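S.K.: curious how this folds, go ahead:
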Amino acid sequence: MHRIHFQVRSLVALFILVGFFLPGCSTMSKAQRGKNAQAHYKLGISYLNDNQTQMAFIEFQKAIEINPKDKESHYGIGHIYFSQGKYAEAGEAFKKAVRVDPDFSEAHNYLGMVYERMSEKDKAIAEYKKAVENPQYVTPHFARKNLGMLYLNANDFKKAIREFQEAIQVASDYALAYNGLGQAYYKDGQYTEAAEAFGGALKIIPDYPEAHFYLGFVYLKRGEKSLASNEWNRVMELVPSSPLADRVKKSLLYLKVNLGMTADEIRKIIGEPDTENRSVGSFGVHEQWVYGPMNDSLYLYFENGKFTGFQEGTTR
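M.R.: Here you go, the predicted structure:
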């Protein structure tokens, strides 16, 4: 999950609130306006930390009325809109922030996330790259991880691996980057490296359900069904009532499946697939079974009615 990182200073006695309601705002000095805008911003952050989103939004707006170039308040408004799923409005707020400060990497990173949600992948890539190009960006591993996931979902595994590795170089305790790296290696057929990456994530967060889930598929690819079972059972212990657990239930049944089994034999074990595709080629009849929604699926492959292999479809 994306985290915002506001620089919050303590609210000392709220004495600065006195200046909020002074008449003749247009006659205030530039320094006084800046102080008043900062006071509203700080109060907005305080409300945001207390989950009083509307009050935070109002304070950020007040800060911008006093100082239209208050980049942090634009960023705060963008965060609120993003959390509400209002991506177009969030994008406009982040654009205002980076117009004030083109080197505002946190806003570029968040704007990249907005573009991803709006399926504008090229624009998302451009924003993530702008974020990491700033040598003074304190947390570039966040943008690197986001860029890696974007490449991973586009099946560009080499670029994904590079971005996750870059993220880990900056923050060696960033479990999300290790988890993404493991997925990229797995999709690229590098199972030993995938196991090491997921192991890295689990060293940092031993109870990381997704890392256990993906590691189970690595073991399955290596023919180590008992180790796969251990990982998936661990997921069931950690998050028994979750979409991930529902996928694990199918995967545990799959451990009973062997190459060469007939389609009817596998139906008796796992049940009917959610979708089934069939084609006829020069080498016979090919079938693909899909269990689960697209992009979160277990794919089974058959040739002439005999099971030939599988693919785990999740890349998120």
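
S.K.: make it CA atoms for all contacts and neighbour counts henceforth
M.R.: Fine.

S.K.: could you list the low-pLDDT ranges of the protein?
M.R.: Within the chain, the ranges that satisfy pLDDT under 70 run 1-28, 282-283, 293-296, 314-316.

S.K.: would you map the helices across it?
M.R.: For the chain, the helices defined by DSSP state H cover 30-49, 53-66, 71-83, 87-100, 105-117, 121-133, 140-153, 157-170, 175-187, 191-204, 209-221, 225-238, 243-254, 263-270.

S.K.: mind putting those helices in CSV, mean neighbour count included?
M.R.: CSV is the format used below for those (neighbours: other CA atoms under 10 Å):
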stretch, mean neighbour count
helix 30-49, 20
helix 53-66, 21
helix 71-83, 24
helix 87-100, 21
helix 105-117, 25
helix 121-133, 20
helix 140-153, 25
helix 157-170, 20
helix 175-187, 27
helix 191-204, 21
helix 209-221, 24
helix 225-238, 19
helix 243-254, 17
helix 263-270, 14
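
S.K.: the ones you listed into a markdown table, with extra columns for distance to residue 284?
M.R.: Conversion of the helices of the chain to a markdown table gives the following (distance: least, CA to CA, whole Å):
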| stretch | distance to residue 284 |
| --- | --- |
| helix 30-49 | 61 |
| helix 53-66 | 60 |
| helix 71-83 | 50 |
| helix 87-100 | 48 |
| helix 105-117 | 40 |
| helix 121-133 | 38 |
| helix 140-153 | 31 |
| helix 157-170 | 31 |
| helix 175-187 | 27 |
| helix 191-204 | 30 |
| helix 209-221 | 25 |
| helix 225-238 | 30 |
| helix 243-254 | 25 |
| helix 263-270 | 15 |
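
S.K.: quick check: which of those helices is nearest to residue 298?
M.R.: Judged by CA to CA, the one of these that comes nearest to residue 298 is helix 243-254, at 7.8 Å.

S.K.: for that closest one, packing partners?
M.R.: In terms of contacts (3 or more CA pairs under 8 Å, 6 or more residues apart in numbering; DSSP states H and E), helix 243-254 is packed against helix 225-238, helix 263-270.

S.K.: which other helices and strands contact the last one?
M.R.: Put plainly, it is helix 263-270. For helix 263-270, the packing partners by 3+ CA pairs under 8 Å, 6+ apart are helix 243-254.

S.K.: could you give the angle of the helix it packs on to helix 225-238?
M.R.: Computed with axes from the mean of the first three to the mean of the last three CA atoms, to 10 degrees, the direction of helix 243-254 lies at 150 degrees from that of helix 225-238.

S.K.: who touches helix 243-254?
M.R.: Under the criterion CA atoms under 8 Å, 6 or more residues apart in numbering, residues 210, 213, 229, 232, 235-236, 239, 269-270, 291-292, 298 lie in contact with helix 243-254.

S.K.: format the residues you listed as JSON lines; extra columns: distance to residue 253.
M.R.: Formatted as JSON lines, those follow (distance: CA to CA, whole Å):
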{"residue": "210", "distance to residue 253": "18"}
{"residue": "213", "distance to residue 253": "14"}
{"residue": "229", "distance to residue 253": "10"}
{"residue": "232", "distance to residue 253": "11"}
{"residue": "235", "distance to residue 253": "15"}
{"residue": "236", "distance to residue 253": "13"}
{"residue": "239", "distance to residue 253": "18"}
{"residue": "269", "distance to residue 253": "7"}
{"residue": "270", "distance to residue 253": "6"}
{"residue": "291", "distance to residue 253": "12"}
{"residue": "292", "distance to residue 253": "14"}
{"residue": "298", "distance to residue 253": "12"}
